[in-house]
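K.L.:
Any chance you could fold what I've pasted below:
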Amino acid sequence: AGNFWSNLLSFLLVPVYLHYLGAETYGLIGGFYAVISFIRLLDLGLSATIKREVALRNSAEEKISTIPDLLRTAEIIYWCTGTLILLLMVLLAKPISTQWINGENIDLETVQWAVIILGLTVAIRWPVTTYRGILIALEKQVQLNILEGIARTVRELGAVAMLVIISPTIIAFLLWQAFIAVLEVFFMMVFAWRYVPKIENRASFKIEILQEIWRFAAGISWTTIVSIILAQIDKILLIKFVSLEQFGYYMLASTLAQKLSIIFQPFVVAISPQIIKLAAQADEQRFIKFFHKSSLFISLAITPIASVLIFFAPIILELWTQSSDVGSQASGILAMLTFGAMLDSLYNISYQIQLAIGKPQIGATFNTVSVFFVIPAMLYVVPELQLFGAALIKTVMNILYYLVLSRITHRYILHKEHRRWLIQDTLIPILICFTVFFIASQVQIFFTDKLFTVLCILSGIIISYGILLMWYKYQVKIRSQMVSN
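P.N.:
Residues are numbered from 1 along each chain as shown. I've put the predicted structure just below:
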């Protein structure tokens, strides 16, 4: 619920930010967040390790008393790393502003101050990862969701108030972000220390704890590194080779395409424990039935919405941002990125199977190999094709996940089910929705009225959901008959 609210709020407020700040400044913000994602490489798998260690120690009576020392050790490391990040951003503010960011209507001093303030915000928020992991490991998700929901609401709505009432500038926006970061890390710290087990001695930094956990952290750090590189390399390079305004259009399209996760992520969270349970049991038929039902349900949920964004990209962007310029500049990129995001969403259940059978190295190895192809491809294509080139390579990667990596996964489990998953669970729903919305988009061409366009979109959604629901029921019935026979 907390993640859903955060995603929904950011989606609704993007047009407000765009109105007061403009596409160029929005591109600057998007570029900063891409840089932040790369800074996460400094985490080196420590956050996931801390969460795992706390959960393990909390379940072992003899180790519960070591949790406060674990938190103190991680806390000190993260605060030191945050300070290092701030120093780096201060030192690199001028080179980033002059040699990497292509601002046309934003003065250099504003960009430099924006970089410094962003560095301060990142440094302050850096330890939040530790406190958040502690609360999750101690099964305090309800308290965490409430705290994060309040923080996100105050951050976003307060930023709007700053822009409307005080100053419609990037500096005002970022100063508010830094102020909320102080409050967020303070309350996260208070909550984390409130719920850790109490001990007689004062918690302290223990080098022995690092010696115990470094191997696991090192084991998952490379997976984190390659995942971040693949997710953010397009943005890091684009901000160098295109103007901030063009980059802003790309970020708007990317933001909207990634919102497909709002639809399927709650369902994935719900089914992942069942997938783990069924993968460990000997009843393969039951696992097969659950796998195909889940895959079909994800297709039913995702493909109609993705089809709307693909076939009606210009009008969706214009209605969302209230800007015809955004609709014309970003529609092609939105269609391509949405197609890739749709395939990535459909592939996700294969990733859940990898985790369930204890072979996350399948995806990690594939990503590692991909990095050595994606980076050179981006360096060659992006300077020439710019936004289209970056979107094209991202989409090709998602196609490979969908076609190749899913096939590799099925070599380890459910060996004979890949073809059925590919054709009946995913491709046929895609073809159904694409056919419906292609017809709707062609009908819409003959009319210029936006209300009629909206009616075409709603009709397409209703028709495609209706056909997909019949297909879903038909497939479930056929599978039940096969199992009973």
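K.L.:
Mind giving me the packing neighbours of the lengthiest helix in the chain?
P.N.:
Residue-count comparison of every helix in the chain, with assignments taken from DSSP state H, identifies helix 361-400 as the longest. Where contact means 3 or more C-beta pairs under 8 Å, 6 or more residues apart in numbering; DSSP states H and E, helix 361-400 is packed against helix 207-241, helix 244-258, helix 324-356, helix 406-409. No exception for glycine: its C-beta is placed from N, CA and C like everyone else's.
K.L.:
how does it look with 6 Å?
P.N.:
Helices and strands in packing contact with helix 361-400 are listed as helix 207-241, helix 324-356; criterion 3 or more C-beta pairs under 6 Å, 6 or more residues apart in numbering; DSSP states H and E.
K.L.:
tell me the mean pLDDT for the last one?
P.N.:
Read that as helix 324-356. Predicted confidence along helix 324-356 averages 89 (mean pLDDT).
K.L.:
Which strands and helices lie in contact with that helix?
P.N.:
Short answer (3+ C-beta pairs under 6 Å, 6+ apart): helix 324-356 packs on helix 244-258, helix 261-280, helix 284-311, helix 313-321, helix 361-400, helix 406-409.
K.L.:
how about the CA coordinates for the second one, as PDB?
P.N.:
What it means is helix 261-280. Output in PDB follows, covering the C-alpha atoms of helix 261-280 (Å, rounded to 0.1, in the frame of the first residue of the first chain):
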ATOM      1  CA  SER A 261       4.900  -1.800 -12.000                       C
ATOM      2  CA  ILE A 262       2.100  -0.300 -10.000                       C
ATOM      3  CA  ILE A 263      -0.300  -2.800 -11.500                       C
ATOM      4  CA  PHE A 264       1.700  -6.100 -11.300                       C
ATOM      5  CA  GLN A 265       4.100  -5.600  -8.300                       C
ATOM      6  CA  PRO A 266       1.400  -6.100  -5.600                       C
ATOM      7  CA  PHE A 267       0.400  -9.300  -7.300                       C
ATOM      8  CA  VAL A 268       4.000 -10.500  -7.600                       C
ATOM      9  CA  VAL A 269       4.600  -9.800  -3.900                       C
ATOM     10  CA  ALA A 270       1.500 -11.900  -3.100                       C
ATOM     11  CA  ILE A 271       2.400 -14.900  -5.200                       C
ATOM     12  CA  SER A 272       6.100 -15.100  -4.600                       C
ATOM     13  CA  PRO A 273       5.700 -17.000  -1.200                       C
ATOM     14  CA  GLN A 274       3.400 -19.500  -2.900                       C
ATOM     15  CA  ILE A 275       5.900 -20.000  -5.800                       C
ATOM     16  CA  ILE A 276       8.700 -20.700  -3.300                       C
ATOM     17  CA  LYS A 277       6.500 -23.200  -1.500                       C
ATOM     18  CA  LEU A 278       5.400 -25.100  -4.600                       C
ATOM     19  CA  ALA A 279       8.900 -25.200  -6.000                       C
ATOM     20  CA  ALA A 280      10.000 -27.000  -2.900                       C
END
